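Undergrad: prediction below, plus the sequence it came from.
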Amino acid sequence: MPALDGKKVAFLATDGFEDSELTSPWEAVTQAGAQAVLVSPGTGSITGKKGHEAAVDEAVASADPAAFDALVLPGGVVNADNIRMEEAAVAFAGHFFATGKPVGVICHGAWILADADVLGGRTLTSYPSLRTDLRNAGATWVDEEVHVDQGLVSSRTPDDLPAFNAKIVEEFAEGRHEAQTA
């Protein structure tokens, strides 16, 4: 696996996240040497839909996206629907596209990208129920285990985590992508 030594990866989530879509990529990037940081609208801790509790490292309203090298957006319907209603979270996610930094998104996590208005001309996959929303936001939707579009890594469900994790580590190791823009 490519080394992520010295890289700082933000995980943007709130209550209701899909447990494995936070924990499995977290383990993948930290095992590759990155520092993982949980960013959330609130402070304290958040709870996944299956009960996994995770300590919040930084509140999104005060987190500086420039301090991070990459972003992971886990799914979970409740998480994804609530996080995209937070203006600070939408701006935080949008920063990674504006600065060409790689982003990994899985399942329902892509909803926030529609709100950040960064999907025009992009190709990605997601949980199938998001297909119309993502197309309406200007994206081309594909049904693939993992899809990479200029630093944007996307997958459909927890079943795709092995392929997703391998690709986020690879893309995060590559760093900035010129075409990864809003």
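TA: Everything's here; your move.
Undergrad: how about the residue positioned nearest the centre of the chain, what does it touch?
TA: Per CA atoms, centre = their mean, the C-alpha nearest to the average position across the chain is that of Leu73, at 2.1 Å. If a contact means CB atoms under 8 Å, 6 or more residues apart in numbering, then Leu73 has 12-13, 80, 93, 103-106, 109-110, 112-113 as its contacts. Where C-beta positions appear, they are placed from N, C-alpha and C, glycine not excepted.
Undergrad: can you rerun that using 6 Å?
TA: 12, 105, 109 (CB atoms under 6 Å, 6 or more residues apart in numbering).
Undergrad: and the helices in the protein?
TA: Ranges of helices in the chain, per DSSP state H, are 19-31, 77-83, 87-98, 111-115, 131-136, 161-174.
Undergrad: picking up where we left off before, does the residue nearest to the centre of the chain have beta-bridge partners, and which?
TA: Bridge pairing for Leu73 (DSSP bridges) gives the partners Val105.
Undergrad: pLDDT at it, what is it?
TA: pLDDT recorded at Leu73 is 98.
Undergrad: next one: His177
TA: For His177, the predicted pLDDT is 68.
Undergrad: turn the helices of the chain into JSON lines, columns for mean pLDDT, distance to Thr43 and mean neighbour count.
TA: Supplementary listing: the helices of the chain in JSON lines, determined by pLDDT from 0 to 100; distance: least, CB to CB, whole Å; neighbours: other CB atoms under 10 Å:
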{"stretch": "helix 19-31", "mean pLDDT": "98", "distance to Thr43": "17", "mean neighbour count": "20"}
{"stretch": "helix 77-83", "mean pLDDT": "97", "distance to Thr43": "15", "mean neighbour count": "22"}
{"stretch": "helix 87-98", "mean pLDDT": "97", "distance to Thr43": "13", "mean neighbour count": "20"}
{"stretch": "helix 111-115", "mean pLDDT": "97", "distance to Thr43": "20", "mean neighbour count": "24"}
{"stretch": "helix 131-136", "mean pLDDT": "97", "distance to Thr43": "30", "mean neighbour count": "15"}
{"stretch": "helix 161-174", "mean pLDDT": "96", "distance to Thr43": "26", "mean neighbour count": "21"}
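Undergrad: rewinding a little: can you tell me how far the residue nearest to the centre of the chain is from Gly6?
TA: Distance, Leu73 to Gly6, by CB to CB, to the nearest Å: 22 Å.
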